[in-house]
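K.L.:
Sharing a sequence plus its predicted fold:
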Amino acid sequence: MRKIIFSSLITFGSILLSSCMILMQPFSGSIDDELERAIDLGFDGIIVYVNQSGESSYYSAGWNNRENLIPADPHLLFKIASISKLYIAAATTMMVADDALSLDDTVAELLPAIAGRIDYSDEITLRMLIQHRSGIPDYTDHPDYPWDDLIKVNSDTLQYFLDRPALFKPGRRYSYSNSNYFLIGEILDDALGYSHHMYIENEILIPLGLNNTYNLLSEVDIDDVMSGYLIGYEPDIKDAEFIQPGGSMVATAEDVGIFLRALIDGTLLTDEEQAIYSSVYEYEHTGWLPGFTSIARYQSDIDAVVIQFVNTSGGELFWLDLERVYKRIIKTLEWGQR
């Protein structure tokens, strides 16, 4: 998989110039046109959901499955990857408001069985984990992390970040680390006495009527999930399941949009919970897994929740185009309000 990722970077670099030319084209005022331009960039398929001022719109272009020439469908399930962290942050906020946890609890207090294998565990607080200010190394950055054969049991993840030196002293700076949300998942499970997946389902998904959101890929019919492609590698890789907390969820773009709107407007959280959430985490997120890239954001100036799913992944250069496409979609919506 590492060779594949390296190859994908080379392949993508060869089309960088043409992508710049495509994205310099004038705006047509049509989101459908912008999605077609995205396909011209080399995206296999793209889904966009917009909820603006109470109205929802659905868009798609390209392929769901390119081998079988199945068109993209805006209602397909998608691996939302790190957008899952918004749901875990919301669940943690609810438990803090219920006094089941405290943001000032330390890792040493919350996870004593492994605390001795984490630098500064007696100083790292739950708040720092949520905010990515713990200094704990990201397990996905470990050189031996098995991207080509994903972990099947969550506890096997520990070997990729325990007993590793801290990146910095807790609270000193920000460094995004999937290890933080892996530990939050463990903390929630211990505090609840059952899986935080069930808590998220009972306290977030069911109340919001999110019938097309799931905690794990194994919970769904794989035929309902959009295919995923890595630049430079031909096969569909949607079957690979990432199970770690903070990256495991599957949902439709509409469900993610409904959740994000509810997280922002007070539908999901009480006033106390909203204040806690606002103090610790953000109201937007991106997601990446091999074959799957996503953006979920709220544009306050035009009152629009905009979700973008692309079933293609590459390297950092690929993200530049993802963001450019997203910005062009926002610009199109802004022009529509003139």
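P.N.:
Sure thing, it's come through. Residues are numbered from 1 along each chain as shown.

K.L.:
Show me the helices in the stretch 201-338 of the chain, by range?
P.N.:
Counting by DSSP state H, counting those that start in this stretch, the segments of the stretch 201-338 of the chain that form helices are 253-265, 271-280, 316-336.

K.L.:
tell me the mean pLDDT over the last one?
P.N.:
By that I understand helix 316-336. Computed over helix 316-336, the mean pLDDT rounds to 91.

K.L.:
Restrict that helix to CA atoms and write it as CSV.
P.N.:
Provided in CSV are the C-alpha atoms of helix 316-336 (Å, rounded to 0.1, in the frame of the first residue of the first chain):
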residue,chain,number,x,y,z
GLU,A,316,-1.4,16.4,-0.4
LEU,A,317,-1.6,17.8,-3.9
PHE,A,318,-4.9,16.0,-4.3
TRP,A,319,-6.3,17.9,-1.3
LEU,A,320,-5.5,21.1,-3.0
ASP,A,321,-8.0,20.2,-5.8
LEU,A,322,-10.5,19.0,-3.3
GLU,A,323,-10.5,22.3,-1.5
ARG,A,324,-10.5,24.3,-4.8
VAL,A,325,-13.6,22.4,-6.0
TYR,A,326,-15.3,22.9,-2.6
LYS,A,327,-14.5,26.7,-2.8
ARG,A,328,-15.9,26.9,-6.3
ILE,A,329,-19.1,25.2,-5.1
ILE,A,330,-19.4,27.7,-2.3
LYS,A,331,-18.8,30.6,-4.7
THR,A,332,-21.5,29.2,-7.0
LEU,A,333,-23.9,29.3,-4.0
GLU,A,334,-22.9,32.8,-3.1
TRP,A,335,-23.5,33.9,-6.7
GLY,A,336,-27.0,32.3,-6.5
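
K.L.:
distance of the spatially closest residue to residue 288 that is not a sequence neighbour from residue 287?
P.N.:
The spatial neighbour of residue 288 that comes closest, neighbours along the chain excluded (C-beta to C-beta, 6 or more residues apart in numbering), is residue 81 at 5.5 Å. Yep, even glycine has a C-beta here, placed from its N, CA and C like the rest. Applying C-beta to C-beta, to the nearest Å, the value for residue 81 to residue 287 is 3 Å.

K.L.:
Please identify every residue contacting each of those two.
P.N.:
Overlap between the contact sets of residue 81 and residue 287, as judged by C-beta atoms under 8 Å, 6 or more residues apart in numbering, is given by 247, 293, 294.

K.L.:
Next, check these against the strands and list the overlap.
P.N.:
When these are checked against strands (DSSP state E), the matches are 293, 294.

K.L.:
Could you check how far residue 95 is from residue 200?
P.N.:
The value you get for residue 95 to residue 200, if C-beta to C-beta is used, is 11 Å.

K.L.:
same question, residue 166
P.N.:
Noted for residue 166: a distance of 29 Å to residue 200, by C-beta to C-beta.

K.L.:
For the stretch 151-300 of the chain, just list every one of the strands.
P.N.:
If DSSP state E, counting those that start in this stretch is used as the criterion, the strands of the stretch 151-300 of the chain fall at 213-214, 229-230, 250-251, 285-289, 292-299.

K.L.:
Let me see the contact set for the residue lying closest to residue 280 once chain neighbours are set aside.
P.N.:
Take residue 280 and drop its neighbours on the chain: the residue closest to it by C-beta to C-beta, 6+ apart is residue 130, 4.8 Å away. If a contact means C-beta under 8 Å, 6+ apart, then residue 130 has 89, 92, 103, 180, 184, 280, 281 as its contacts.

K.L.:
need those residues in CSV with neighbour count and distance to residue 153, can you?
P.N.:
As requested, those are arranged in CSV below (neighbours: other C-beta atoms under 10 Å; distance: C-beta to C-beta, whole Å):
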residue, neighbour count, distance to residue 153
89, 23, 25
92, 29, 23
103, 17, 29
180, 27, 20
184, 23, 18
280, 17, 29
281, 20, 28
